[in-house]
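# Structure of the sequence below:
(2 chains)
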Amino acid sequence: MRVRFAPSPTGYIHIGNVRTAIINYLIARKNGASLVLRIEDTDMERSTKESERSIMDDLTWLGIEWNEGPDVGGGCGPYRQSERFGIYNEYTERLLREGKAYHCYCTQQELDAMRQDAEKQNRTFTYPGKCRHLSTEEKQKFEAEGRKPTVRFHVPEGETVTIRDHIKGSVTFSSENIGGDFIIVRSDGTPIYNYIVIIDDALMKISHVIRGEDHLSNTPKQILVARALDLPVPEYAHLSLVLGPDRSKLSKRHGITSLNMYREEGYLPEALINYLGMLGWASESGDEIIPIKEIISQIDITNLAKSAAIFDFQKLKWMNGKHLRELPIGRATDLFAPFIARAGYDISSLDRKYLEQLVSVVQIKCDILSDIGRLAGIFLDDVPSPDSETEVMLTTEEGNIMLKAARELVSGEINENNFATDFIPRIKETTNLKGKKLFMPLRAMITGRLQGPELDQALPLIGYHRCKKRIDQYSAAYTR
RNA sequence: GUCCCCGUCGUCUAGGGGUCGAGGACACCGGGUUUUCAUCCCGGCAACAGGGGUUCGAAUCCCCUCGGGGAUGCCA
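Residues are numbered from 1 along each chain as shown, chains lettered A, B, ... in the order given. Here you go, the predicted model:
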């Protein structure tokens, strides 16, 4: 078995393609197969090297490794389609020579007009084959006009193509319904996707093509090309699409759809793989949070869902939180640290031990790494400015009692040495508050928030001096 | 329009003729643990698109309708 992932480098990698990549990777690992990365950059207008770079970066970040590709090489290269034009040209020559393809001089405008006519008459547009039997004179006339021809594939009549798809089952198309002779080479000489995928899949010895369902309708065109060229046809598995909340194919307009945005917000590769791997697939046990290893051992090309799935942002977030909370403290600290820095704190001045303690106290509160941004200030700001709910809390009767009692303690019997152990018990005694009535105002007074880490764990990390400062300033601002 | 795919709680899904008066998860709502918000635990809400068959028996098989999606590009 050999599989491939073949992105088009026209932007950041999109969540839907990420899922295709993940499934290919998972299936490859399960079967000990090679994964080929092929860059489909025949659209010179839209393809960029930067996109190619970012796609490879993102895949690497996800932990997806390919065995062959433009960067690592392999026996079936080159792996960029733009570097394979010579190969395609030979096939095109052959099709032309054998009368299985022909030059077409119809212009964009002429084609648009035909298409509009068809639409007006409520018919399907099928290219009528106008240029199929042009005489030499006619061709010369067009050439003299400066027309640059495209190459069209001559679709054989009355042919039937049946795809045995591992996911969709048996799907049959008739050659009458694929829209007539289609263009395989643009007038600028560059070939078109539907023509060369099948060539590359054959040449790269791909045994199983696992790709999005949006390619299913075009598969018969590709198979017809393979037949004309005597090329082997791979096995197929067409993955159901990932949809946005409005049920249409997930795209930019649905908001956060490119992988690098998830990466920047602090999603974990293992959570993304877990979630995307389980969109359209379920584990035997029904467990939702499962390690990649386990997905690999259970997933199969035939047990993927046939129906499309809406991308549930909330569930991904929940799942990420689950993975995040299970992270060992060392790795968690490594991952969180850059996000603390990004929130504007100088982490180089903090020692590792302190950072680890901070992370371990706050880890449980986070679903994504960037959540630590709004929590870090609790430890690292001198006096965080309270939000409006907290201000209200500090102004209540309990809030005022709390502030007064704390102020007295902190400038009296409580000092640097007994702060961590004695402060909360003494506050409790002097205010005579307990439970929620004790902890909510206490939390407000110490952290400037109503939500946050466990106070008894946070206190020693914030330290006596900062707490005193906060108590003093909040007292001045909120007590009567 | 035409061709193709799909249709179980709001969402992701389990189920593949009887064990399903439909199970799990997210979300939501209650309750519990935690001297605190959260985590965690327990409970609740909520679905077989509709109609015909086949069968002793249908969520499961067949047909039609409806609904959704994709393709129909000198994009991939």
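
# drop to CA atoms for contacts and neighbour counts, all remaining ones
Will do.

# Three-state assignment for residue A:209, please.
What DSSP: H, G, I helix; E, B strand; the rest coil gives for residue A:209 is strand.

# the strands in chain A, which residues?
A:2-5, A:34-37, A:101-104, A:150-153, A:160-165, A:169-174, A:183-185, A:208-212, A:235-239, A:242-243, A:309-310 (DSSP state E).

# Quick one: closest of those to residue A:466.
With CA to CA as the criterion, residue A:466 lies closest to strand A:309-310 of the strands of chain A, at 47.1 Å.

# The stretch 351-480 of chain A against RNA strand B: which residues are in contact?
Within reach of RNA strand B by CA under 7 Å from any atom of the strand, the stretch 351-480 of chain A has these residues: A:364-365, A:424-425, A:428, A:434-436, A:438-440, A:443, A:450-456.

# ok, 6 Å please
Contact residues (CA under 6 Å from any atom of the strand) of the stretch 351-480 of chain A with RNA strand B: A:364-365, A:424, A:434-436, A:439-440, A:451-456.

# out of the residues you listed, which one sits closest to RNA strand B?
residue A:435 (2.3 Å; CA to the nearest atom of the strand).

# Burial check on residue A:284, number of neighbours?
Neighbours of residue A:284 under the rule other CA atoms under 10 Å: 9.

# residues touching it, list them.
residue A:298 (CA atoms under 8 Å, 6 or more residues apart in numbering).

# Check residue A:309 too.
A:240-243, A:279-280.

# measure it to residue A:132 for me?
43 Å (CA to CA, to the nearest Å).

# got it, and residue A:120?
25 Å.

# What separation is there between the residue of the stretch 151-300 of chain A found nearest RNA strand B and residue A:307?
As assessed by CA to the nearest atom of the strand, RNA strand B sits closest to residue A:280 within the stretch 151-300 of chain A, at 2.8 Å. As judged by CA to CA, residue A:280 and residue A:307 stand 8 Å apart.

# Please apply the same query to residue A:58.
In this structure, residue A:58 and residue A:307 are 27 Å apart, going by CA to CA.

# Residue A:296 is in contact with residue A:29, correct?
Yes - checked against CA atoms under 8 Å, the pair residue A:29 and residue A:296 is within contact range at 6.7 Å.

# So which bits of the stretch 201-350 of chain A are right by RNA strand B?
When proximity is defined by CA under 6 Å from any atom of the strand, the stretch 201-350 of chain A lies next to RNA strand B at A:213-215, A:217-218, A:247-249, A:278-282, A:286, A:288, A:305-310, A:312, A:314-315, A:318, A:322.

# So among those residues, which ones count as buried?
A:213, A:249, A:278-282, A:305-306, A:308-310, A:318, A:322 (16 or more other CA atoms under 10 Å).

# now the helices: where do they sit in the stretch 151-300 of chain A?
A:193-203, A:219-229, A:259-265, A:269-277, A:292-298 (DSSP state H, counting those that start in this stretch).

# chain center to the last one, what's the gap?
The offset between the C-alpha centroid of helix A:292-298 and the centroid of the whole chain comes to 20 Å, using CA atoms, centre = their mean, to the nearest Å.

# Closest to residue A:404 out of the contacts of residue A:309?
residue A:279 (54.3 Å).

# one step back: okay, residue A:120 and residue A:132: which has more neighbours?
residue A:132 (17 against 9).

# which residues sit in contact with the more buried one?
Contacts of residue A:132 were listed using CA under 8 Å, 6+ apart, and they are A:102-104, A:154.

# possible to save the residues you listed as a markdown table with neighbour count?
Converted to a markdown table, the contacts of residue A:132 look like this (neighbours: other CA atoms under 10 Å):
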| residue | neighbour count |
| --- | --- |
| A:102 | 26 |
| A:103 | 20 |
| A:104 | 25 |
| A:154 | 21 |
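
# so what are the domain limits for chain A?
Split into domains by automatic domain parsing, chain A comes to A:85-239, A:381-478.

# Could you tell me the least trusted of those?
Among the domains of chain A, domain A:381-478 has the lowest mean pLDDT, at a mean of 90.

# Now do it: distance from first to last residue.
19 Å.

# likewise stretch A:26-45?
32 Å.

# Give the buried residues for it.
In stretch A:26-45, counting by 16+ other CA under 10 Å, buried: A:26-30, A:33-43.

# Stretch A:106-116 too?
Applying 16+ other CA under 10 Å to stretch A:106-116 flags A:114-115 as buried.

# Keeping just the C-alphas, turn that stretch into CSV.
C-alpha atoms of stretch A:106-116 as CSV (Å, rounded to 0.1, in the frame of the first residue of the first chain):
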residue,chain,number,x,y,z
CYS,A,106,-12.3,28.1,-28.8
THR,A,107,-11.8,31.3,-26.7
GLN,A,108,-12.8,31.9,-23.2
GLN,A,109,-15.5,34.2,-24.5
GLU,A,110,-16.9,31.7,-26.9
LEU,A,111,-17.1,29.1,-24.3
ASP,A,112,-18.7,31.5,-21.8
ALA,A,113,-21.3,32.3,-24.4
MET,A,114,-22.1,28.6,-25.0
ARG,A,115,-22.3,28.0,-21.3
GLN,A,116,-24.8,30.9,-20.9
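
# who touches that stretch?
When contacts are defined by CA under 8 Å, 6+ apart, stretch A:106-116 is touched by residues A:125, A:131, A:147, A:149.

# hmm, which two among the residues you listed are most spread apart?
With CA to CA as the measure, no two of the contacts of stretch A:106-116 lie farther apart than A:125 and A:147, at 23.0 Å.

# gap between stretch A:230-242 and the chain center?
On CA atoms, centre = their mean, the centre of stretch A:230-242 falls 22 Å from the chain's centre.

# tell me which parts of the stretch 51-200 of chain A are close to RNA strand B?
Residues of the stretch 51-200 of chain A lying near RNA strand B (CA under 6 Å from any atom of the strand): A:106-108, A:122-125, A:150, A:168, A:171-173, A:177, A:179, A:183, A:186-187, A:192-193.

# Would you mind listing which of these are buried?
Members of those classed as buried by 16+ other CA under 10 Å are A:125, A:150, A:168, A:173, A:183, A:187, A:192-193.

# Go through those residues and name the one nearest residue A:401.
The shortest approach to residue A:401 among those belongs to residue A:168, at 68.1 Å (CA to CA).

# wait, that closest one sits on residue A:237?
Yes - counting by CA under 8 Å, residue A:168 touches residue A:237, with 7.4 Å between them.

# contacting residues around the helix ranked longest in chain A?
Identified as the longest helix of chain A according to DSSP state H is helix A:15-31. Residues outside helix A:15-31 that contact it (CA under 8 Å, 6+ apart) are A:1-5, A:7, A:33-35, A:59, A:64-66, A:210-212, A:239, A:241-242, A:250, A:257-259, A:273, A:276-277, A:295-297, A:299-301.

# are any of these buried, and which?
For the contacts of helix A:15-31, a neighbour count by 16+ other CA under 10 Å gives the buried set as A:2-5, A:7, A:33-35, A:59, A:64-66, A:210-212, A:239, A:241-242, A:250, A:257-259, A:273, A:276-277, A:295-296, A:299-301.
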